[in-house]
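Enquirer: no letters, just coordinates:
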């Protein structure tokens, strides 16, 4: 069993306007006590518990768990560049309620509340960490389907981990605005400038002020933007070496084998300027060329008014609903020779060819 260590004091909560006893102010949680807690609160209360998970190399990664009693499935979220596990809060609360799912999200090494934030740990290390976390949660929840959701850089890590041997023991894969902007899809001057800076000043840092001045932003929700600007765990000063590292990772994901072994959903918004349409078009074009060897259970949702942070934008409820409906509608074990099933409440699911046409025409 994975032991969870509480990282904060919990304030007493009056569950029913004074009619129910309050919870203890300090909980040292294991998975069992998490389940007991949410038997009292129910899935609608799915408040995250902040904990840590200790890896085999003794590194501790900060972890958030949105737990429900008797979960019907497990969802694991892996966040984007400079972000951390809090990014999944709106989606995790919804899936806990609608799907009776326990949702795990950890801060990737070098990000969030972990030690040495902002120091690039290496792409291979990020992939190995994801594989270890998934395998341990698979053992912790035998028999339950696991859905892996990778956002932005997390999507690139998920692509590598799921398509490289030995793969991942998950039932579904969701790539939300996957980071696929490899160096070859960048303008030559941008690529050359990054390589030169990384050679002479790898620890030099950039802030996001210049990017914001150009109108490039991850979301159209001013409340989310304000929260990110004030969040001490959201990295705002980025090292050149980290930019080089994530660029290499995106290039690896862009050119990785397309042998997706489980039902896979790709979501992308056409207003995304963090990962602009051109590299996504390149990826979809490559997928189209290799479509004869692709399994039939890869589907696409393209949002004409969508931004990079699809579940943290104005109108995010639609995207969150679509994700829940897709998870519910897809079989836990794919049948390669049968068409995938859709769900009537979903935004229109697109084939690869249709998704490519929409994105490449942007």
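Expert: Good, I have the coordinates. These numbers come from a predicted model, not from an experiment.

Enquirer: how about the strands in the stretch 1-150 of the chain?
Expert: 49-54, 60-66, 73-78, 101-106, 146-151 (DSSP state E, counting those that start in this stretch).

Enquirer: and the angle from the fourth one to strand 49-54?
Expert: Which is strand 101-106. 60 degrees (axes from the mean of the first three to the mean of the last three CA atoms, to 10 degrees).

Enquirer: what average pLDDT does strand 101-106 get?
Expert: Strand 101-106 carries an average pLDDT of 98.

Enquirer: go on, the third one?
Expert: For strand 73-78, the per-residue pLDDT values average out at 98.

Enquirer: also stretch 171-189?
Expert: Rounded mean pLDDT across stretch 171-189 is 86.

Enquirer: straight-line length of it, end to end?
Expert: The straight-line separation of the ends of stretch 171-189 (CA to CA, to the nearest Å) is 41 Å.

Enquirer: and stretch 244-263, by the same measure?
Expert: 31 Å.

Enquirer: list the buried residues for it?
Expert: Applying a neighbour-count criterion of 16 or more other CB atoms under 10 Å, the buried positions in stretch 244-263 are 244-247, 249-254, 256, 258, 260, 262-263. The way it works is simple: take the backbone N, C-alpha and C, and place the C-beta from them, glycine included.

Enquirer: kindly report the same for stretch 228-239.
Expert: Those would be 228, 233-235, 238-239, for stretch 228-239 by 16+ other CB under 10 Å.

Enquirer: could I get these as JSON lines with secondary structure and distance to residue 303?
Expert: Shown next, in JSON lines, are these (DSSP: H, G, I helix; E, B strand; the rest coil; distance: CB to CB, whole Å):
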{"residue": "228", "secondary structure": "helix", "distance to residue 303": "20"}
{"residue": "233", "secondary structure": "coil", "distance to residue 303": "27"}
{"residue": "234", "secondary structure": "coil", "distance to residue 303": "23"}
{"residue": "235", "secondary structure": "coil", "distance to residue 303": "26"}
{"residue": "238", "secondary structure": "strand", "distance to residue 303": "27"}
{"residue": "239", "secondary structure": "strand", "distance to residue 303": "32"}
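
Enquirer: check which helix or strand residue 247 maps to.
Expert: Assessed by DSSP states H and E, residue 247 sits inside helix 240-254.

Enquirer: which stretches of the stretch 101-250 of the chain aren't confidently modelled?
Expert: Scanning the stretch 101-250 of the chain with the threshold set as pLDDT under 70 gives 188, 208-215.

Enquirer: for whichever helix or strand residue 353 is part of, name the packing helices and strands.
Expert: Following DSSP H and E, the helix or strand that holds residue 353 is helix 352-360. When contacts are defined as 3 or more CB pairs under 8 Å, 6 or more residues apart in numbering; DSSP states H and E, helix 352-360 packs onto strand 264-269, helix 277-289, strand 298-303.

Enquirer: apart from its neighbours in sequence, what residue is nearest residue 269?
Expert: residue 306 (2.0 Å; CB to CB, 6 or more residues apart in numbering).

Enquirer: ok, residue 327 next?
Expert: residue 147 (5.5 Å).

Enquirer: tell me the contacts of that neighbour?
Expert: 73-76, 101, 170-174, 327 (CB atoms under 8 Å, 6 or more residues apart in numbering).

Enquirer: try 10 Å
Expert: For residue 147, the contacting residues are 73-77, 95, 99, 101, 103, 170-174, 262-263, 265, 323, 326-327, 330, 332, by CB atoms under 10 Å, 6 or more residues apart in numbering.
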